[in-house]
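Enquirer: just coords:
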């Protein structure tokens, strides 16, 4: 007798969050040990040992609050991990420290003056940690009773029993509180906190007395101790906001909602002066403290002489963030002048900077980076295909070879293969040109392109050489 065939059950995965795979989404930190020595491969970072160690020293000074108003320049060839180091610093600082990233060319496309755009970027990078006391009701839910009208319409009423290790109290529930409890899916055995001022309910976790229900609750369940003392407590609550958020709230008629309205426009200097005075008053009273954050300006050579002059002055102010800049330019003109300078940055500003340089990756480092990117993009790849991609990355550029990963994966999926092979990589390599092959293609077919100036430039060069 044949066994009954088992119907194949499709596994349904609950999608709670959608994350896009970005160019630096694999970066988790700087990859340093406790003595600030860079590991060869760690937290998504590969190579650039000296640059990462230098960035680690800067990171420690930022955490200790010792270099507010200082500036750092990361300089190196394209594709050597400058932005990755800046993102590593941001990840290591955590969410409590403000981190603002922008490109040097952004300020020219905003509907405000260049100095106003930089001022807003500076103030986005300065946090204010505000302390205040609030009253909470905190305890373990013993029982929830909700009475619904027999007709099915009308307001619901109910009772909730909360306890601590020392006391137990029954609270009457209104319509809004019942809706809040239902929304948070609060049930008996949960430890909750209720803000008396706003009525907001927060689930702190599951009581340890319900630990026997662990298998039923799932491994992601957080267990906490039953609160001690009285149910009503006074706690110090800390809110961290940026100076720019305070500026917007106080300069717009719609207040806090102005933060969600998009472009905030220019803010009057008088408003900022008043806010600075108020924040200074809070600091003296011990109600707040300043958290110097980080402003990262990529492609900083795109700024002009006016912007550089503003940065020079802004770094001297009392409340200035840590400024990190990145550039891939050599000796070139300062935008807005005819003067040349290293990295296109004025000498007086360069004199203020701590400069970190990045070096081209070795072939083993390129291979390791490509391997990490394959894992990040969830792509299975054979060793031979990875070696081919590594060779392409060394001969062309790392960025080009990284872009071939997903394209090769699509081809392998179309032919129902489990992993990317050498043939998949070769097919996308033949279809998509790198910079060098694209230039060769232009030279070969230049006469068929419109507005081609290459021939004119060559003839002009030959004529000047004959003269």
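Expert: Great, that's in hand. All values derive from a computational prediction rather than experimental measurement. Numbering: from 1, shown residues only.

Enquirer: Pull up the pairing partners for the helix or strand harbouring residue 73, direction included.
Expert: Using DSSP states H and E, the element containing residue 73 is strand 71-76. Within its sheet, strand 71-76 is paired with strand 322-327 (parallel), strand 353-358 (parallel), according to DSSP bridges.

Enquirer: Quick one: residues in contact with the very next helix or strand once past that strand.
Expert: Next in sequence after strand 71-76, counting helices and strands by DSSP H and E, comes helix 82-93. Contact with helix 82-93 is made by 23-24, 27-31, 43-45, 48, 51-52, 55, 58-59, 62-63, 74-76, 99, 101, 293-294, 296, 298, 324, 326-328, 356, 358, as judged by C-beta atoms under 8 Å, 6 or more residues apart in numbering. Just so you know, the C-beta spots here come from the backbone N, C-alpha and C atoms, and that holds for glycine as well.

Enquirer: So which of the strands paired with strand 71-76 is the most surrounded?
Expert: Using mean count of other C-beta atoms under 10 Å, the stretch among the strands paired with strand 71-76 with the largest mean neighbour count is strand 322-327, at a mean of 25.

Enquirer: Which residues does it contact?
Expert: Contacts for strand 322-327 (C-beta under 8 Å, 6+ apart): 58, 62, 67-75, 82-83, 86, 89, 125, 292-301, 311, 315, 343-345, 353.

Enquirer: sorry, back to before: could I get the strands paired with strand 71-76 as CSV with mean pLDDT?
Expert: Output for the strands paired with strand 71-76, formatted as CSV (pLDDT from 0 to 100):
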stretch, mean pLDDT
strand 322-327, 91
strand 353-358, 92
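
Enquirer: Out of the contacts of helix 82-93, which sit inside helices?
Expert: In this view, the contacts of helix 82-93 that belong to helices under DSSP state H are 51, 52, 55, 58, 59, 62, 63.

Enquirer: which of the residues you listed count as buried?
Expert: Buried subset of the ones in helices among the contacts of helix 82-93 (neighbour count, 16 or more other C-beta atoms under 10 Å): 51, 52, 55, 58, 59, 62.

Enquirer: give the contact list for the nearest residue to residue 175 once chain neighbours are set aside.
Expert: Nearest residue to residue 175 in three dimensions, chain neighbours excluded: residue 155, at 4.9 Å (C-beta to C-beta, 6 or more residues apart in numbering). By C-beta under 8 Å, 6+ apart, the contact list for residue 155 reads 149, 174, 175.

Enquirer: do residue 440 as well
Expert: No contacts exist for residue 440 under C-beta under 8 Å, 6+ apart.

Enquirer: so it is in which element?
Expert: Secondary structure (DSSP H and E) places residue 440 in helix 435-444.

Enquirer: Quick one: low-confidence residue ranges for the stretch 351-467 of the chain.
Expert: 452-467 (pLDDT under 70).

Enquirer: unless I'm mixing things up, residue 116 is touching residue 272, no?
Expert: No. Counting by C-beta atoms under 8 Å, residue 116 does not reach residue 272; the two are 10.7 Å apart.

Enquirer: Pull out the buried positions in the host helix or strand of residue 388.
Expert: According to DSSP H and E, residue 388 maps onto helix 383-395. Within helix 383-395, the residues that qualify as buried are 385, 386, 388, 389, 390, 392, 393, 394, counting by 16+ other C-beta under 10 Å.

Enquirer: For these, give me JSON lines that also has distance to residue 139.
Expert: JSON lines is the format used below for the buried residues of helix 383-395 (distance: C-beta to C-beta, whole Å):
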{"residue": "385", "distance to residue 139": "58"}
{"residue": "386", "distance to residue 139": "56"}
{"residue": "388", "distance to residue 139": "62"}
{"residue": "389", "distance to residue 139": "58"}
{"residue": "390", "distance to residue 139": "59"}
{"residue": "392", "distance to residue 139": "62"}
{"residue": "393", "distance to residue 139": "58"}
{"residue": "394", "distance to residue 139": "63"}
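
Enquirer: Which residue lies closest in space to residue 342, excluding its sequence neighbours?
Expert: Excluding the flanking residues, the one nearest residue 342 by C-beta to C-beta, 6+ apart is residue 331, at 5.5 Å.

Enquirer: follow-up on the earlier one: out of the ones in helices among the contacts of helix 82-93, who's nearest residue 446?
Expert: residue 51 (39.8 Å; C-beta to C-beta).

Enquirer: Now for the closest one: which residues touch it?
Expert: Counting by C-beta under 8 Å, 6+ apart, residue 51 makes contact with 74, 76, 81, 85, 356, 357, 358, 359.

Enquirer: and the closest residue to residue 106 other than its chain neighbours, how far is that from residue 100?
Expert: Among residues not flanking residue 106 along the chain, residue 117 sits closest, at 7.3 Å (C-beta to C-beta, 6+ apart). Going from residue 117 to residue 100 by C-beta to C-beta, to the nearest Å gives 12 Å.
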